[in-house]
Structures are given as structure tokens and as C-alpha cells.
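> I need the structure of the sequence given here:
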Amino acid sequence: MEDLAREGLTGHYLGGGEITCCTLVKDDLFIAVKSHLMVYSTRNAALLHVQKLGSSEVTGLSPSPTNSQQLLVTSRDGILSVWDMTDWTLMRKLTVGSSVSDLLVSRSNQHLFLVTRNSESGNVVTTIQKHCAATLEHKSDSLIIKKPCDNFRISSCGNFILFTRDTRVRVVNTCTCATFTRFTHDTDLCSVALHPTRNLAAVADVNGRICLLNDWNVKGCVEATVQHWHANQVGGMGFAPRSEVLFSGGAESVLVKWLDGQPQFLPRIGGGIQHVLCPESGDIVVLVTEDTALHIVSLNTWSVKFKLCNILKRSRKTQGKTRVTTDIACSKSDVLFSSTPGYLQVYDVEKREHKRVVDITNQNQSTGHVRNKTLSYIDITHFKLSDDGEWLVTVERRDDGFVTPENRLKFWRKQDTEYTMKTCVDPPHSKITTSLSLGITTEPTAVTTSTDCSVKVWGCGDDEDSWTQRQVLKHRHGPAYTSLISGDGSVVVVAYKGLVVLYGTASWDVKAEVPQSVGRLDQIFLSGYYLLTSSRDLISVWNLTSLSLCWEVSANISYILALPDKTFLAFVSRKSVTDAFLFGVKSAAPLAVHKFVCPGVVEGACLVEREDGREMIVMLNSEHELYTLSHIVPPPLATSDREHQDTATIFTQLLKISAPPAALPELKHNSTATLASSVLNVSSNALPPVSAICANVLSDFLPPKVVHGN
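Residues are numbered from 1 along each chain as shown. Sure, this is the predicted structure:
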């Protein structure tokens with residue numbers, strides 16, 4: 001593993017923030033999350049492309065009116081950039097100087113307008129700048145509005161800009177810079193939609209009323225047609241391109257279709273609706289909801305055609321007393337990790353695409369009863385995948401601090417390409433489940449630990465579909481924090497407070513105890529006859545034949561990945577990047593150092609075997625990005641000519657193009673240590689069982705074992 005290379009664009013963004021803006025480019029949906037862009041097909045909800053657009057939050061997206069293969073992007077740091085969507089290269093960049101909040105593009109007169117905001121003497125000053133779309137040249141004097149404004153929209157001809165200011169609808173003539181008030185409401189306005197081809201506008205207030213304005217770009221006040229169904233603030237609206245049908249949605253999680261003032265409903269969408277987009281095809285509506293899901297609604301059947309639940313993932317945090325998992329597991333080229341709350345998503349690292357989403361909790365739905373309140377999710381706190389991918393075990397918990405916490409242990413079996421739940425234990429422990437391990441003893445076995453001072457062993461029934469409790473283990477050192485099943489299945493290792501205990505699985509008696517200098521361990525591993533323990537800032541290696549400490553080293557460790565050749569990778573964070581140190585079990589001197597394996601902090605990693613038989617390490621960082629370490633540097637981007645010229649089909653071609661090469665990381669070898677060879681697939685069953693080594697060691701000093709049956 002010392003000759004690994006970091007792949008460049010394999011840092012695949014999987015979410016980790018809120019949606020800042022979204023737009024449609026023909027039949028493709030462009031979604032900006034922080035500084036990343038994700039492109040989805042509205043035909044099958046497939047993720048087509050992911051691109052990092054800069055270092056600041058993206059505030060505006062639009063195809064260029066002068067070139068359909070170029071994308072205009074604005075960001076919070078006052079940058080206007082132009083990207084080539086054929087190979088995703090940055091073509092041009094302009095510094096505006098102020099924070100850009102909106103990007104308005106006219107397709108008719110080929111102009112673009114930047115809305116910037118500054119604070120002067122404590123007041124927000126809004127400025128509208130006019131630029132040439134082809135050259136980005138500033139065309140005329142800027143229009144300055146010395147009050148905060150929102151919801152900027154531009155007409156299809158580009159001669160008028162509509163925006164809201166408190167209760168008023170204001171219109172700007174972009175040719176003369178003259179402004180006038182078109183409509184005054186009695187309540188603050190929160191959402192605006194313009195018809196793409198007709199002089200028809202819709203504005204909505206915070207109480208759920210929608211006002212239709214005909215001839216909105218004509219000077220003078222006008223009476224509006226009011227239609228009301230929503231009980232709360234309207235989140236998003238959009239007009240059908242070929243009719244005057246209006247679609248609206250809000251916190252009620254209901255899509256409303258307005259035709260001649262009469263509503264038609266599509267309920268139970270999921271989370272509250274934030275964005276409503278209507279493609280030019282006119283046969284679907286695209287919804288983005290607050291539970292970070294993408295819904296594609298067919299207008300022909302008036303039903304949800306596709307639902308994609310893995311747009312984003314909440315940042316790692318503690319909700320109540322629940323710790324969100326950062327586990328990562330793999331089966332062949334499939335990598336499994338946590339997605340939106342309550343979901344796991346499967347990502348193919350070979351093909352670099354999302355494959356499917358597993359709904360674990362089936363309960364994270366926002367309803368009208370929780371609108372305007374913080375939604376309390378049921379989170380997946382732990383999950384494990386068997387080596388053959390046959391079994392998936394999950395632990396979920398909900399604790400909002402107000403009601404009795406919910407805890408569930410679920411066992412899932414793979415059938416075809418989907419996982420089906422076979423057993424649910426509610427609850428597995430009386431308190432928080434602190435860890436989960438999965439392996440094989442005499443049967444498929446799972447071990448859960450808890451702060452209720454119990455360790456429970458679960459086994460698969462004779463019918464191979466039912467899991468039941470086999471043993472309950474307790475110790476005088478109280479709470480158990482993590483556990484591990486040895487590769488040969490002869491030993492279960494449990495980390496209690498300040499102590500590691502090894503149990504033999506034949507009779508579940510205590511084989512050995514290893515005292516620790518830290519109270520709580522984050523990870524434990526078995527490598528041959530060596531025990532590796534890790535806390536946040538300390539790595540220790542113990543020889544199980546003598547129960548003696550071999551060595552320990554202190555470092556800012558975020559994660560450790562054990563490798564099958566008695567080596568392991570320790571990921572050490574420094575500032576905003578992570579380095580990987582390759583250690584052997586016999587020496588504290590690293591065998592190799594891989595500098596800057598990925599930005600951010602590595603929170604999970606796993607070893608994946610390629611189709612060609614080579615190994616690849618997949619890392620999940622704190623920004624919810626995937627990076628890989630492999631033996632082969634990938635070929636350069638765009639090695640073949642583009643087959644299509646139009647934007648709609650470019651992305652399907654991009655999927656066939658590999659990522660750009662990355663510079664090899666700095667590599668340092670230790671001359672006094674034997675370098676680790678390539679990963680050896682040596683089965684632990686070829687060695688005597690670990691339990692045989694630990695048996696009778698210090699047996700005279702061990703306390704009597706405490707074993708509780710069912």
C-alpha cells in the first residue's frame with residue numbers, strides 16, 4: 001500500500017449543505033449546494049455530473065444566452081465566472097467587488113444583470129449592474145436601491161425586472177432604469193413566479209395567499225386576482241410553459257395545481273416544498289423539498305414519477321443525544337454510507353455513480369403538524385455490511401429531548417438489488433447503543449454495546465431470516481463503547497471504560513483483559529495476534545501472546561483503517577487537510593507517509609477491490625466528499641472527442657470520461673522498517689484461532705466471568 005496514488009476528481013461531492021439556487025437547462029436540473037454543482041436528469045432522476053465551482057457559496061446559475069454550452073455562475077464572494085459545460089473548464093472570471101445575491105439573464109437582448117448587496121451605515125443597499133453576456137463588460141450606470149429587496153425576476157424580453165420590497169411589487173425598466181410600483185399588498189410577500197412567455201406574474205405572501213398580476217410590466221397599479229389554499233408561507237411557484245396553469249407548494253408538503261382559480265392537489269410529497277420548476281417539455285414538474293429530496297411529478301398521471309432522496313446529507317452533528325453516523329462500508333465496488341437522515345445510499349466507485357437509496361427509518365416525513373418547527377429526524381447511528389454484502393444491520397435512534405427516545409435494531413437481507421428488513425428489535429437496549437459489529441462465529445453474528453452496561457450478541461436463526469438474542473455479557477467496568485468480532489470468529493473484543501476484554505465465542509468466557517490509559521476508545525482492531533486500539537489522539541498496539549504493550553504514538557487521529565497484511569492506515573488531520581500514515585504492528589515508525597490524501601477530515605474509510613483485482617481505498621471526509629487512493633493514476637479528462645454539441649446530451653457523454661490526473665503525493669519510506677507489500681489476501685483461518693493464544697494468559701489474575709443467558 002506504500003505506492004498508492006490519489007485520484008483527482010474522484011473527490012465526489014455527496015452533499016453537506018443547503019441548496020443555494022437551482023435552475024433548469026433544457027431537461028437537466030442544475031442544483032448548487034455551497035460551492036458545488038450537481039446536475040440531474042429530469043427524465044430518470046440520474047445524477048449526471050458534479051463540479052466544484054469555486055471556494056464561495058454559489059448564488060446564481062444560468063446558461064449563457066450567447067452560447068448554450070456555457071454556464072454563467074455567480075458567488076457570494078462577488079465573482080462572475082463562465083464555465084464550459086462540455087469539459088467543465090473555467091473559461092473566464094470577473095470580480096464584481098460586492099456580494100452577488102442574484103443572477104438575471106436575458107435571452108433576447110443578450111444582457112445579464114447582477115444584483116449585489118452592501119451595507120452602508122447599517123442599511124442594506126441593493127445594486128443592479130448591467131453586463132454584456134458575451135464579453136461580461138459593464139454596460140451602463142448601475143441602478144441603486146437604498147432598501148433591501150428580494151425575489152428578483154427578469155422578463156423573457158429582458159426589458160423589465162420585477163422584485164419585491166416588503167408588501168410592494170416593484171418593476172425596473174432595464175433600458176431607462178426607471179422604477180415604478182405595480183402592486184401593493186397588505187402582507188409581506190415571500191415568493192414570485194413569472195410566466196416564461198406571457199405577461200403574467202404570481203406573487204405569494206407569508207399567509208399562503210397567491211396574487212395573479214396580468215400585464216405586470218405596464219406602468220401603473222393594478223388589482224390582483226387572489227387565490228388562497230395554503231395555510232402557511234408558500235415555498236415555491238412555477239408556471240407551465242404552454243398554458244397559464246400555476247403550480248405552488250409550501251410547508252404542507254402538497255403540490256397544488258391552479259387552473260382557472262380552482263386547485264387540484266397532490267398530497268404527501270414528503271418534506272415542505274421549497275422549489276417548483278417547470279421544464280420546457282411541459283409534461284413534468286420538478287420539486288425540491290426541505291427534506292433534501294428531488295421529486296419528479298408526471299402531469300399525465302398526476303403522480304410522483306421519481307423520487308431521489310440523496311441530494312444532501314446533514315453535516316455531522318449531535319441532535320439531542322443522538323450522534324449521526326459517519327460509518328462507511330463496501331461490497332465489491334459498491335460503497336454504502338449515510339445520506340439524508342434515515343437513508344443510506346449506495347455509490348459505485350468504479351462507475352462513479354449513485355446506484356440506489358435504502359430507506360431505513362421510513363418515517364422522516366414533514367407534515368403540516370410540524371411546519372415552522374425544527375423537524376426531529378430519526379437518525380441512523382450505526383450500520384454494518386457483511387463481507388459478502390448479504391446482510392445489512394442498522395441501528396437507528398430518535399431523541400428530541402421531549403419524548404421518550406426511540407431505539408431500533410434492524411436486520412436487512414439483500415434480495416436482488418434491494419435490501420429487505422427481516423428482523424426489527426425495538427429496543428435492543430434500554431439506553432443508547434454505542435457500537436455495532438458484524439461477523440461470523442458459528443453463524444452470522446452481530447454484537448451491540450450500550451451505556452446500559454450490557455453487551456448483547458445476536459445470531460441468525462436456522463431459517464436464515466430471523467435474528468434473535470444469543471448472549472448478554474456484562475462487566476464490572478460498566479458501559480461498553482465499541483466491539484469487534486475477529487476474522488476467524490473465535491473472539492469478540494469489547495472496549496469498556498478503561499479496559500478491553502476478549503471473550504471466546506465457544507463458551508463466551510473471558511479470555512483476557514487489556515487495561516487502557518484512556519477511558520473511552522473510538523476504534524479497536526485485531527491484526528494477527530496484535531490488538532490495535534485508538535482514541536482521538538492516541539494509537540496503541542498490544543501483543544496478545546504476552547498481553548504487553550508493543551508501542552503507542554500520539555497524533556490528531558480522525559480515523560484508522562486496518563489492512564489485511566498486518567498494516568493499517570492512520571488518517572491524521574492538520575489544518576484543513578488530511579495525511580495518511582502507513583504503520584506496521586511491530587513498530588511505531590511509519591512505513592510510508594501519504595501527504596494530503598484529501599481536504600477536510602477523514603471520518604470513514606474502507607478497502608474496495610476493483611474489477612481488475614487491484615485494491616482501492618475509499619475515504620469519506622467531513623465535507624461529505626469521496627476520495628480514493630489506488631495504485632493507478634487515472635487517465636486525463638476528455639481523452640475522446642465529444643460526440644454531441646447540444647447541452648442536453650453532453651452530460652451523458654461526460655459520464656464516459658475519466659477524471660484528470662493528480663500529482664503523486666509525497667512519499668517517505670523508513671529505511672529501518674520493511675516496506676509493506678501489496679495487500680495480501682491471507683485468510684485468518686490459516687492461523688490458530690486468536691482465542692487459543694489468549695486462553696489461560698493471566699488466568700489467575702482475572703476476575704470470575706459474568707455471563708447472562710437469554
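
> Look at stretch 482-495 and report the distance between its end residues.
5 Å (CA to CA, to the nearest Å).

> Show me what the closest residue to Val455 other than its chain neighbours is bridged to.
The shortest distance from Val455 to any non-neighbouring residue, by CB to CB, 6 or more residues apart in numbering, is to Leu473 (4.1 Å). Where you see a C-beta, it was placed from the backbone N, CA and C, and this is true even at glycine. Beta-bridge partners recorded for Leu473 (DSSP bridges): Val455, Val707.

> what about Leu473, neighbour count?
22 (other CB atoms under 10 Å).

> What's the separation between it and Asp260?
Using CB to CB, to the nearest Å, we find Leu473 at a distance of 69 Å from Asp260.

> Mind naming the longest strand for the chain?
strand 587-599 (DSSP state E).

> What's opposite Leu104 in the beta bridge?
Phe113.

> returning to that earlier point: direction included, what does the longest strand of the chain pair up with?
strand 577-584 (antiparallel), strand 667-669 (antiparallel).

> Mind pulling the model confidence for Tyr503?
Tyr503 is assigned a predicted lDDT (pLDDT) of 93.

> what helix or strand does it sit in?
strand 499-504 (DSSP states H and E).

> By mean pLDDT, point me to the weakest helix or strand of this structure.
strand 667-669 (a mean of 32; mean pLDDT, DSSP states H and E).

> From Leu502, how far off is the residue nearest to Val455?
For Leu473, the distance to Leu502 - CB to CB - is 11 Å.

> on that earlier part again, wait, doesn't the residue nearest to Val455 sit right on Ser454?
Yes - judged on CB atoms under 8 Å, Leu473 makes contact with Ser454 at a distance of 7.2 Å.

> quick one, helices of the stretch 551-700 of the chain?
647-654, 690-694 (DSSP state H, counting those that start in this stretch).

> returning to what we had before: taking strand 499-504 as reference, get the angle to the following helix or strand past the strand holding Tyr503.
Counting by DSSP H and E, the next helix or strand C-terminal to strand 499-504 is strand 510-515. Put simply, strand 510-515 runs at 160 degrees to strand 499-504, going by axes from the mean of the first three to the mean of the last three CA atoms, to 10 degrees.

> Would you list the strands that strand 510-515 pairs with, along with their directions?
Strand 510-515 is paired, per DSSP bridges, with strand 499-504 (antiparallel).

> got the contact list for the partner strand?
473, 475, 477, 490-494, 509-516, 521, 524, 531, 533, 544, 690-691, 694-695 (CB atoms under 8 Å, 6 or more residues apart in numbering).

> Got a quick PyMOL command for the buried subset of those residues?
The PyMOL selection below is limited to those of those classed as buried (16 or more other CB atoms under 10 Å):
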select buried, resi 473+475+477+490+491+492+493+494+510+511+512+513+514+516+521+524+531+533+544+690+691+694
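
> what about Thr628, how many residues close to it?
25.

> what's the pLDDT at it?
With respect to pLDDT, Thr628 has a value of 81.
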